[in-house]
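Student: Everything below, folded, please.
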Amino acid sequence: MLLLQQTTLVPKFLLFSKSDFSFRPCSSSFSTRLSFMDKYTKPSSQKQSHKQFQCPVLACQASTDTHDTSFRKDDLPVHGVSEVIVGVLGGGQLGRMLCQAASEMAIKVMVLDPLTNCPASAIAYDHMVGSFDDSSTVQEFAKRCGVLTVEIEHVDVATMEKLEQQGVDCQPKASTIRIIQDKYLQKVHFSQHGIPLPDFMQIDDLEGAKRAGDLFGYPLMLKSKRLAYDGRGNAVAKSDEELSSAVNALGGLDRGLYVEKWTPFVKELAVIVARGKDNSILCYPVVETIHKENICHVVKAPADIPWKIRKLATDVAHKAVSSLEGAGVFAVELFLTKDGQILLNEVAPRPHNSGHHTIESCYTSQFEQHLRAVLGLPLGDPSMKTPAAIMYNLLGEDEGEPGFHLAHQLIGRALNIQGASVHWYDKPEMRKQRKMGHITIAGPSMGIVEAQLKSMLKEEGSESQTAVTPRVGIIMGSDSDLPIMKDAARILTVFGVPHEVRIVSAHRTPEMMFSYALSAQDQGIQIIIAGAGGAAHLPGMVASLTPLPVIGVPVRASALDGMDSLLSIVQMPRGVPVATVAINNATNAGLLAVRMLGVGDTDLLARMSQYQEDTRDDVLKKAEKLQTDGWETYLNP
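Tutor: Here you go, the predicted model:
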């Protein structure tokens, strides 16, 4: 006899006579709940929240076929994105943001963290209070999760290896965590896989450090192998006399140290790399990271580097992650040298500070991507949905309440910045240089978001930046072109497109022309309209200096009636495109600029459609008036 929970139109007791009946998930006319109390409601010695685990729901039907009647995890029905509970070792700000991303897809995230009020605790599906570096605690925690991942790499990797042997799904794999935990082992691993690195070597005593100094020269970077992050565990010796103090600053040789040749980089870069369970790999755009006192201070996305360098950095990051095992998001930190080399600094097997901007700036945030990856879901689009973004770390400026007060003032200014998003981690204690939150500013260009960041960082009462950034630059070689070029400005005004009008001569002020063309993109300009009068070099010269689209307007001159200007534009050499309109038709140049901007601006596109409709209605009214009044009255009203 089988006892089933009562459902509509189904008797409470059903008696089956055949002993070989079995049950399997199906689309039956009735359903029941089967309770697996030992797996889902087993009491724990660890402190837990009061949230209850729901029993899985199975639809069942009787069958005369012989099947294994034991419970399988695959038999669980899926009522949403995923029914798998994601267990995260660590409940800091990364865990918090993982929980926030999970809530959008109703994915259940449990965290293991020793602090009862850790940042993730308030929004996690469940919080188990305990150490993620304690073997028995991690094993107990793993029993409640369908997949185990990390938000900090300083975990008990031996226990993770044991859990994997027992069939627990750990992502990324314990082998990867073991490599990443030891920075020297990292270097060895990546060098064996052909990844470009700064020169390095292990040291066992002070004599070994001196030999490294003789080999690599000074300054010399000394590093702890383990438990090093945010600049902690690094020390610089500028001469062999400083080696002893540098070793002592790192806790002595017993800590396990190694040395790296000093890398005179010009920029620090980073690439967030996502790897799925099917080994598919997607890379986010390369960003520049700017550090203050060895802590990430500002992240610029995308990095202002040539495309070749972006490609090289992405290739190095892709190759590095390909050499590791397991799914998830990885952060690859890189050095760009003055001779154009990309050298790997280190890798984090988790979401990372350099990827926080992705919440606002990319189609798929690094946190959603990590959940997709560890759950075996398809990876999301990592590309940017905004042209530029800056992430600013909110670091503790003072201890205790004074520090909270300073942070509150900065947040207040940020809330007045267009395109700014505030993330506060809700940490209970304020300490100097502690990561308390971050602010991301997204906008149409790096120049604009940098200006907004500077405005946000100004003290209260100081002059703030209120001017609207132009999207279109209208330039001409002389004020004699203004009577024609003003028509482009009028059209842009009608459509509400911010613009500027400048005199920039290709012949009389070539330095100004060069400067304008090279800086226009960073200043937020998206399209340039250039008047071509006289020698008519301006549109082509500007187009050769900027990646922005340039629309040339042939201006009628006294000598050749504007044909010289038109021919100058349309005869540009291959590789330097310049659009053009009819002679003196700056109106069409303005309209073309609006249409180009409308490709990514639905409001402008709608206004352009309305403009076309109004133009058509105007023609129809004139045609009706002509037909009704006759041509003589029409011409002489």
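
Student: so what's Arg310 up against?
Tutor: When contacts are counted by CB atoms under 8 Å, 6 or more residues apart in numbering, Arg310 touches Pro285, Val286, Pro302, Ala303. Any C-beta I mention is one placed from the backbone N, CA and C, and that applies to glycine too.

Student: And for the third one, the neighbour number?
Tutor: Read that as Pro302. Residues lying near Pro302 (other CB atoms under 10 Å) number 18.

Student: do the one 10 residues further on as well
Tutor: One way to gauge burial is a neighbour count; for Leu312, by other CB under 10 Å, it gives 20.

Student: Which members of the contacts of Arg310 are positioned in helices?
Tutor: Using DSSP state H, no member of these falls in helices.

Student: between these, which is closest to Asp479?
Tutor: Pro302 (38.1 Å; CB to CB).

Student: one step back: which of the contacts of Arg310 tops the neighbour count?
Tutor: Result: Val286 is most packed of those (other CB under 10 Å), 25 neighbours.

Student: Please name the residues that touch Ile107.
Tutor: Gly80, Val81, Ser82, Val84, Val86, Leu371, Leu375.

Student: Filter these down to the buried ones, ChimeraX style.
Tutor: Command for ChimeraX that selects the buried part of the contacts of Ile107, burial taken from 16 or more other CB atoms under 10 Å:
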select :82,84,86,371,375
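
Student: can I get the contacts of Ile107 in TSV with distance to Glu346?
Tutor: Shown next, in TSV, are the contacts of Ile107 (distance: CB to CB, whole Å):
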residue	distance to Glu346
Gly80	36
Val81	32
Ser82	31
Val84	30
Val86	25
Leu371	24
Leu375	26
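
Student: Just the contacts of Ile107: which are in helices?
Tutor: Using DSSP H, the contacts of Ile107 in helices are Leu371, Leu375.

Student: And the contacts of Ile107, which is closest to Ile441?
Tutor: Closest to Ile441, out of all of the contacts of Ile107 and judged by CB to CB, is Leu371, at 25.5 Å.

Student: From Met476, how far off is the closest one?
Tutor: Leu371 sits 53 Å away from Met476, taking CB to CB, to the nearest Å as the criterion.

Student: How far does stretch 410-425 sit from its chain's centre?
Tutor: 18 Å (CA atoms, centre = their mean, to the nearest Å).

Student: for stretch 316-335, same thing?
Tutor: 16 Å.

Student: The contacts of Arg310: which two are farthest apart?
Tutor: By the measure CB to CB, Pro285 and Ala303 form the most distant pair in the contacts of Arg310, at 7.8 Å.

Student: What about Ser322, how many residues nearby?
Tutor: 13.

Student: if we can go back for a sec, out of the contacts of Arg310, which is nearest to Met446?
Tutor: Pro302 (8.3 Å).

Student: Show me what the mean pLDDT comes to for stretch 595-608.
Tutor: Per-region confidence: stretch 595-608 scores 91 on mean pLDDT.

Student: Quick check: which ranges of the chain have low pLDDT?
Tutor: 1-78, 228-231, 459-467, 534-536 (pLDDT under 70).

Student: got JSON lines for the contacts of Arg310, with distance to Gly524 too?
Tutor: Shown next, in JSON lines, are the contacts of Arg310 (distance: CB to CB, whole Å):
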{"residue": "Pro285", "distance to Gly524": "19"}
{"residue": "Val286", "distance to Gly524": "21"}
{"residue": "Pro302", "distance to Gly524": "16"}
{"residue": "Ala303", "distance to Gly524": "18"}
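
Student: Looking at the residues you listed, spot the one nearest Leu567.
Tutor: So of these, ranked by how close each gets to Leu567 (CB to CB), first place is Pro302, at 38.4 Å.

Student: pull the longest helix from this structure.
Tutor: Longest helix in the chain, counting by DSSP H: helix 602-629.

Student: In that helix, which residues are buried?
Tutor: Quick answer for helix 602-629 (16+ other CB under 10 Å): Leu604, Arg607, Met608, Tyr611.

Student: do the same with stretch 184-195
Tutor: Applying 16+ other CB under 10 Å to stretch 184-195 flags Tyr184, Gln186, Lys187, His189, Phe190, Ile195 as buried.

Student: what's the closest non-adjacent residue to the fourth one?
Tutor: Of all residues not flanking His189 in the chain, Ile179 sits nearest, at 5.0 Å (CB to CB, 6 or more residues apart in numbering).

Student: from what I can see the one you found touches Lys187, true?
Tutor: No - using CB atoms under 8 Å as the test, Ile179 is too far from Lys187 to be in contact (10.0 Å).
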